[in-house]
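missing the sequence, but the structure's below:
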């Protein structure tokens, strides 16, 4: 009998998780996520009372906006998102999953969700812990949880994008890195229009929306409503494109 | 009448301007069919076309009457054993077969896994990680995974690679009993003798084209009874050539610089005649070398025929 635990989706999810966790890169990613916590710890330990001392909010902003949004979140999502299909397609292991009467959208959706969950499972604790350290306790906890919500949304969107990229090119890691650095890092902030197509700005808008006080802490330059609409469109679009690519998946011959 | 298990009609596949499979047509029905061809002839491309992992550039490829391409439902009826040794090494053999059973949504996945593992004689090693398997064991794990849903059609790409003779015999038994049960099985190989006692009929693929098809025995006869070319060096090539022309087994000869090239119609008769002729003519043979024993030339003969 096919129950939930033995459904193709559950089987694929477990396989994908094992693939992500079976490698040394899981440790490297955990180390990357520990970085903001350590930096917050060091800067709090080393500071002295006086005019130079950062306020809690400024500190949070530096850790979240300066380190987690531009570096930790996209890199973790990049490695995990491009890894769920990429390695399998390169070495041919994907064949045994694809040679099954399982609709391609189920295969893509399962992997995007597993990748997003794994990314969030690494980044959200990193946000919460570094928030606790930076704020020296529960001060402004709402800002931290608001930002954690933004990071979770960002994990989902980034993973959808990176899964799609991994089904387009062999060099998904390089292309994905280029996208993070060039688009998210530089170009997206230049014009009003490009902000609407930037995961980074969606993360800021969601974080602002859920942070409560003070308003616009993360200086989001698009409204939460715009972020919701555009973020959904980007996520759905990337996933649909990935499904289309997988439907047309061809074995690469060793010619 | 139900549609044939697999049918190709004018199927071609090219990559850029390299043609891998060129206008191939055939149908497969119950029983074992061998797909024979040298490496690089397009056997894997042909199998992947049938398995829905390549889009035909031209023509049609159908499985039970429906296109193989972009049709995942076809995998209910189809089992594929790819040539590449791509199996997740972190799973045990049993886990791997069970995953395949579950992805097929089998009602009794555990039971089907037991049967498939028993069929390929892998029970003793089923709980070991695949990463620790020998090449032959991996191959059998792949066969078990392809068999687990008892497909009506089974495509195997070079399944005997890496198997020792015992494992090979056992796999042959399994495939034969499946064929006796009315399944359609296609086995690719680059070695004709591998298909002996196994394939009822053989398709010969050369440079992407279907060069010949027929019963195993017919194909073997075609391959052994073809003209052979030998390169000879002797103490007097001209005299030897003249003497050889009297032999019925010799179809032609050509004098080169210090070399005599002889085309023999019947290899066995020529081999028996040569020493006698040389002795009779008083010529000393220095070297006798068959020049075209490569598999490639055997196949290209079939194409030119």
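Received, thanks. What you see is a predicted model, and the numbers here were worked out from it, not measured in a lab.

I'd say residue A:188 and residue A:195 touch.
Yes - contact status for residue A:188 versus residue A:195: in contact at 6.0 Å, counting by C-beta atoms under 8 Å. Yep, even glycine has a C-beta here, placed from its N, CA and C like the rest.

now name the helix or strand holding the spatially most central residue of chain A.
For chain A, the residue nearest the mean C-alpha position is residue A:155 (2.6 Å; C-alpha atoms, centre = their mean). In this assignment (DSSP states H and E), residue A:155 forms part of helix A:141-166.

for chain B, what's its nearest residue on the stretch 151-255 of chain A.
Nearest residue of the stretch 151-255 of chain A to chain B, counting by C-beta to the nearest C-beta: residue A:251, 4.2 Å away.

so that residue: helix, strand or coil?
When classified by DSSP: H, G, I helix; E, B strand; the rest coil, residue A:251 comes out as coil.

contact partners for it?
Contacts for residue A:251 were tallied using C-beta atoms under 8 Å, 6 or more residues apart in numbering or on different chains; they are A:92, A:95, B:48, B:53-54, B:82.

for the most centrally placed residue in chain B, grab phi and psi.
Geometric centre of chain B, nearest residue: residue B:189, 2.1 Å, by C-alpha atoms, centre = their mean. Residue B:189 adopts backbone torsions of phi -160, psi 150, taken as degrees, to the nearest 10.

any idea what it is bridged to?
Using DSSP bridges, the bridge partners assigned to residue B:189 are residue B:36.

report the contact partners of it.
B:34-36, B:158, B:160, B:195.

repeat that for 10 Å
Taking C-beta atoms under 10 Å, 6 or more residues apart in numbering or on different chains as the criterion, residue B:189 is in contact with B:34-37, B:43, B:156-161, B:195, B:198-199, B:202.

do residue A:155 as well
Shown in contact with residue A:155 (C-beta under 10 Å, 6+ apart): A:73-74, A:76-77, A:80-81, A:115-124, A:199, A:203.

find the closest residue to chain A in the stretch 51-200 of chain B.
Closest residue of the stretch 51-200 of chain B to chain A, C-beta to the nearest C-beta: residue B:86 (3.3 Å).

now that residue, nearest residue through space, not along the chain?
Sequence neighbours aside, residue A:92 is the residue nearest to residue B:86 in space, at 3.3 Å (criterion: C-beta to C-beta, 6 or more residues apart in numbering or on different chains).

what about that neighbour, neighbour count?
17 (other C-beta atoms under 10 Å in any protein chain shown).

check contacts around it.
Here residue A:92 is in contact with A:251-252, A:254, B:82-87 (C-beta under 10 Å, 6+ apart).

among the residues you listed, name the buried ones.
Among the contacts of residue A:92, the ones that count as buried by 16 or more other C-beta atoms under 10 Å in any protein chain shown are A:251, B:82-83, B:85-87.

buried set for the helix ranked longest in chain A?
Taking DSSP state H as the assignment, the helix of chain A that covers the most residues is helix A:104-134. For helix A:104-134, burial by neighbour count (16+ other C-beta under 10 Å) applies to A:104, A:107-120, A:122-124, A:126-134.

what's the answer for stretch A:183-191, then?
Within stretch A:183-191, the residues that qualify as buried are A:183-185, A:188, counting by 16+ other C-beta under 10 Å.

do the same with stretch B:276-294
Going by neighbour count (16+ other C-beta under 10 Å), the buried part of stretch B:276-294 is B:277-278, B:281, B:283, B:288, B:292.

likewise stretch B:201-211?
B:201-211.

widest-spaced pair of the residues you listed?
B:201 and B:207 (20.9 Å; C-beta to C-beta).

next one, pLDDT for residue 57 please.
Since you didn't name a chain, this refers to chain A. Note on residue A:57: pLDDT of 81.

I was thinking of chain B, sorry if that wasn't clear
96.

pretty sure it contacts residue B:11?
Yes - contact between residue B:57 and residue B:11 holds when scored by C-beta atoms under 10 Å: they sit 8.6 Å apart.

wait, residue B:260 sits on residue B:231?
Yes - taking C-beta under 10 Å as the definition, residue B:260 is a contact partner of residue B:231 at 7.3 Å.

between the two, who's got more neighbours?
residue B:260 (22 against 15).

before we move on, what SS does that one have?
Residue B:260 ends up strand, using three-state DSSP.

ditto for residue B:230
What three-state DSSP gives for residue B:230 is strand.
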